[in-house]
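Asks: Based on what follows, work out the 3D shape:
(one chain, ligands or ions: 2)
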Amino acid sequence: MKKINFMNPDEIIQEIEKKLWTINTKSKLTNFGIVESVTDEIVTVSGLSNVGYYEKVEFDNGSIGFVLDISEDRVLIILLNTIKNINCGTKVFSTGKVLDITISNEIIGRVVDALLQPIDGKPLVHEISSTKHYPIERYAPGITQRGTVNTPLKTGIKAIDILIPIGRGQRELLIGDRGTGKTSIAIDTIINQKKIDMGLKKVICIYCSIGQKKSNLASIVAQLKKFQAMEYTIVVAATASDPVAMQYISPLVACSIGEYFMDKGEDVLIIYDDLIKHAWSYRQISLLIKRPAGREAYPGDIFYLHSRLLERAAKMSDKNGGGSITALPIVETQENDLSAYIPTNIISITDGQIYLEYDLFNLGIRPAINVGLSVSRVGGKAQTKFMKELAGSIRLELSRFRELQSFIQFDNELEKISLQKIERGKRITEILKQSQYDTYSEALELLLVFSITNGLFDNVSIADVIIIEQKLVNFIKTKYPKNLNELLMSNKTNYNTLKSELEKELKDFKATLNTK
Ligand code: ATP
Ligand code: MG
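Replies: Ligands and ions are numbered 1, 2, ... in the order given. Here you go, the predicted model:
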């Protein structure tokens, strides 16, 4: 029979004590709260004692949201997605992290929502080596980290590149009534980045669509694909049917994506289409959480929200990588009213505006840019030397033309010189017309400006201006089939050589006109 070896009582006590001492009694702090009520995407939670503003929270059914408001006995959370119904009693866990995005190079070419989940039907797998986390709100780079705006961001649109030039790192507002061609300018600018002009660095483009219809978004993505622009573009979209919180965070997320690439030294272009709808989403959220409403029922800090966002656009100094974010926010006006609350706010935050007018659009002047009311405060520094010299005279001629045009309404008896100026102005206006998706290179723009100032179009009837312009463009394109910029690049350093080169081209072209 097997003998059982009993422990004596002392040994048993010793054994129990040993076990007791090794037990890990350290409590793990799991901060969670309980849902008290849910109304219109806003969840009131009690017991969530250790959270901060903008902190991401997770519900035990898998939904996520972020903290909007904190008071002594409750926290208000806005939902970013709803996996299943959230009811009273559902647990909510804090994460200790501000809402952030996980991003890698794989994002280029994709259409994603504001949480960076793909909405183009393909999975998004991040490349581990380049994956980073970026918070959706970040301090804008300080003045010492920034460099000066000195490189052009070519839109390919004649009127903008010549008269209202944009530099990399600049914030330029596109403003105008509904249907005046704001989005078209933005899309053309993205498409134009395909052509690397004058040996410049390629630009990574981000198109952020806020509160638009899904069908609109689909046609924009289709156009970008058609012109092979998706190869270097990211579309971040929160459509009108998405939760309002997604519309609210989408431009912040688009900016974080931009910062990821800017920090790698890349040049980035971000289009926010549009910030009025963004302001609406913030107004809706603020009214839902019962913050006091200010002017036009917008919350008092709406200016601060947009200035925080647009300040993040920057040109970094070479020491800090030399990257840049150029921001083109879009704002829709009502009946040309530039003095409404949000338009004036954003005009004062940006470095200039491109003002599109419905009347001009209807007169057939497209892009419908009101050159008199549009400005670019820093872009001129980024224009090339030749362009700056030639564009200056065009700007002057156009402003004299506008002055005289208003004068002529009262007095038909104008002297000969004034009449000449009016005729020149009319021809410049014709030449600045441009159809969609037909972008111009720097060399072509220079050639046109040079031809205007040298009077090529002065003896051509207004109706024929476009025909002659097209002939000139075709003449140059056939002469320099490989690279139109050969004309420009070969004479990069010497203005006089370029000038005589352009004069020669113009003379040759005139000869072809006479022979026909
Ligand atoms: P919304 O306020 O509805 O967003 P929008 O200001 O963004 O409008 P777009 O959608 O870009 O305007 O353009 C309105 C219409 O004008 C479109 O049908 C577009 O094809 C046309 N359009 C825009 N630019 C030009 C142009 N340069 N030449 C001819 N048609 C143009
Ligand atoms: Mg639009």
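Asks: Can you name the residue of the stretch 251-400 of the chain nearest ligand 1?
Replies: R366 (3.7 Å; Cβ to the nearest ligand atom). Every C-beta, even on glycine, is put in place using the N, C-alpha and C of the backbone.
Asks: Does that residue touch E430 like I think?
Replies: No. Taking contacts as Cβ atoms under 8 Å, R366 lies outside contact range of E430: 11.8 Å.
Asks: residues in contact with the residue of the stretch 251-400 of the chain closest to ligand 1?
Replies: G181, L360, K433, Q434, S435 (Cβ atoms under 8 Å, 6 or more residues apart in numbering).
Asks: Need the residues you listed in CSV (columns: secondary structure).
Replies: Output for the contacts of R366, formatted as CSV (DSSP: H, G, I helix; E, B strand; the rest coil):
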residue, secondary structure
G181, coil
L360, helix
K433, coil
Q434, coil
S435, coil
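Asks: Reformat those as TSV; add distance to L396 and neighbour count.
Replies: Below are the contacts of R366 laid out as TSV (distance: Cβ to Cβ, whole Å; neighbours: other Cβ atoms under 10 Å):
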residue	distance to L396	neighbour count
G181	26	19
L360	21	20
K433	20	16
Q434	21	18
S435	27	9
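Asks: burial of the residue lying closest to E296 once chain neighbours are set aside, as a residue count?
Replies: The shortest distance from E296 to any non-neighbouring residue, by Cβ to Cβ, 6 or more residues apart in numbering, is to Y341 (4.8 Å). Using other Cβ atoms under 10 Å, Y341 is surrounded by 15 other residues.
Asks: give the contact list for Y341.
Replies: Y341 sits next to R295, E296, Y298 when contact means Cβ under 8 Å, 6+ apart.
Asks: would you list the residues you listed in TSV and tack on neighbour count, secondary structure and pLDDT?
Replies: Formatted as TSV, the contacts of Y341 follow (neighbours: other Cβ atoms under 10 Å; DSSP: H, G, I helix; E, B strand; the rest coil; pLDDT from 0 to 100):
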residue	neighbour count	secondary structure	pLDDT
R295	12	helix	91
E296	11	helix	90
Y298	20	coil	95
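Asks: tell me which of these is nearest to V75?
Replies: Comparing the contacts of Y341 against V75 with Cβ to Cβ picks out Y298 as the nearest, at 23.8 Å.
Asks: Please verify my assumption that the closest one contacts A279.
Replies: Yes. In this structure Y298 lies within contact range of A279 using Cβ under 8 Å: 6.2 Å.
Asks: what residues do the two have in common as contacts?
Replies: Common neighbours of Y298 and A279 (criterion: Cβ under 8 Å, 6+ apart): I342.
Asks: and the longest helix belonging to the chain, what's its mean pLDDT?
Replies: Identified as the longest helix of the chain according to DSSP state H is helix 385-408. Averaged over helix 385-408, pLDDT sits at 84.
Asks: Give me the contact list for that helix.
Replies: Here helix 385-408 makes contact (Cβ under 8 Å, 6+ apart) with 161-163, 165, 371-372, 380, 383, 414, 418, 421-422, 424-426, 428-429, 442, 445-446, 449-450, 452-453, 488, 495, 498.
Asks: need the next SSE after that helix, C-terminal direction.
Replies: The C-terminal neighbour of helix 385-408 among helices and strands, as given by DSSP states H and E, is helix 416-431.
Asks: And the next helix or strand past that following helix?
Replies: Using DSSP H and E, the helix or strand that follows helix 416-431 in sequence is helix 442-453.
Asks: which helices and strands does that following helix pack with?
Replies: helix 158-163, helix 385-408, helix 416-431, helix 462-479, helix 486-489, helix 495-515 (3 or more Cβ pairs under 8 Å, 6 or more residues apart in numbering; DSSP states H and E).
Asks: Name the residues of the protein found near ligand 1, please.
Replies: Within the chain, the positions near ligand 1 by Cβ under 6 Å from any ligand atom are 176, 178-184, 332, 366-367, 434-436.
Asks: Any of those buried? List them.
Replies: Among those, those scoring as buried are G176, T180, G181, K182, T183, S184, E332, R366, P367, Q434 (criterion: 16 or more other Cβ atoms under 10 Å).
Asks: surely the fifth one meets I220?
Replies: Yes. Using Cβ under 8 Å, T183 is in contact with I220, at 7.0 Å.
Asks: Save the contacts of R366 as TSV, and put in pLDDT too.
Replies: Formatted as TSV, the contacts of R366 follow (pLDDT from 0 to 100):
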residue	pLDDT
G181	96
L360	93
K433	93
Q434	95
S435	94
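Asks: closest to ligand 1 among these?
Replies: For these, the nearest to ligand 1 is G181 (3.4 Å; Cβ to the nearest ligand atom).
Asks: I'd say the closest one and E357 touch.
Replies: No. Between G181 and E357 there is no contact under Cβ under 8 Å: 10.0 Å.
Asks: can I get the helices and strands packed on helix 442-453 in JSON lines with distance to L287 and mean neighbour count?
Replies: Below are these laid out as JSON lines (distance: least, Cβ to Cβ, whole Å; neighbours: other Cβ atoms under 10 Å):
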{"stretch": "helix 158-163", "distance to L287": "37", "mean neighbour count": "25"}
{"stretch": "helix 385-408", "distance to L287": "43", "mean neighbour count": "16"}
{"stretch": "helix 416-431", "distance to L287": "45", "mean neighbour count": "17"}
{"stretch": "helix 462-479", "distance to L287": "50", "mean neighbour count": "15"}
{"stretch": "helix 486-489", "distance to L287": "54", "mean neighbour count": "18"}
{"stretch": "helix 495-515", "distance to L287": "58", "mean neighbour count": "13"}
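Asks: In terms of mean pLDDT, which of these ranks lowest?
Replies: Lowest mean pLDDT of the helices and strands packed on helix 442-453: helix 486-489, a mean of 61.
Asks: hang on, the earlier thing: got the buried ones among the residues of the chain next to ligand 1 as TSV, with secondary structure columns?
Replies: Listed next are these as TSV, based on three-state DSSP:
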residue	secondary structure
G176	strand
T180	coil
G181	coil
K182	helix
T183	helix
S184	helix
E332	strand
R366	coil
P367	coil
Q434	coil
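Asks: mind saving the C-alpha coords of stretch 340-349 as PDB?
Replies: In PDB, the C-alpha atoms belonging to stretch 340-349 read as follows (Å, rounded to 0.1, in the frame of the first residue of the first chain):
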ATOM      1  CA  ALA A 340     -20.300  87.000 -44.700                       C
ATOM      2  CA  TYR A 341     -18.800  85.500 -41.500                       C
ATOM      3  CA  ILE A 342     -16.900  82.400 -42.700                       C
ATOM      4  CA  PRO A 343     -15.600  84.000 -45.900                       C
ATOM      5  CA  THR A 344     -14.200  87.000 -44.100                       C
ATOM      6  CA  ASN A 345     -12.600  84.700 -41.500                       C
ATOM      7  CA  ILE A 346     -10.900  82.600 -44.100                       C
ATOM      8  CA  ILE A 347      -9.900  85.500 -46.300                       C
ATOM      9  CA  SER A 348      -8.000  86.900 -43.200                       C
ATOM     10  CA  ILE A 349      -6.300  83.600 -42.500                       C
END
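Asks: so T131 makes contact with N105?
Replies: No. Using Cβ under 8 Å as the test, T131 is too far from N105 to be in contact (9.0 Å).
Asks: Now do the same for the residue nearest to T102 when sequence neighbours are not counted: helix, strand or coil?
Replies: What sits nearest to T102 in space, not counting adjacent residues and going by Cβ to Cβ, 6+ apart, is H133, at 5.7 Å. Using three-state DSSP, the structure places H133 in strand.
Asks: can you count the residues close to H133?
Replies: Other residues lying near H133 total 11 when counted by other Cβ under 10 Å.
Asks: Next, the contact list for it, please.
Replies: H133 neighbours (Cβ under 8 Å, 6+ apart): D100, I101, T102, I103.
Asks: hmm, 10 Å instead?
Replies: The contact partners of H133, by Cβ atoms under 10 Å, 6 or more residues apart in numbering, come to K97, D100, I101, T102, I103, S256, Y260.
Asks: if I pick the residue of the stretch 1-150 of the chain found nearest ligand 1, what's in contact with it?
Replies: Relative to ligand 1, the nearest point of the stretch 1-150 of the chain is V111 (18.3 Å; Cβ to the nearest ligand atom). Contact partners of V111, counting by Cβ under 10 Å, 6+ apart, are 118-122, 207, 209, 217-218, 220-221, 224-225, 230, 233-237.
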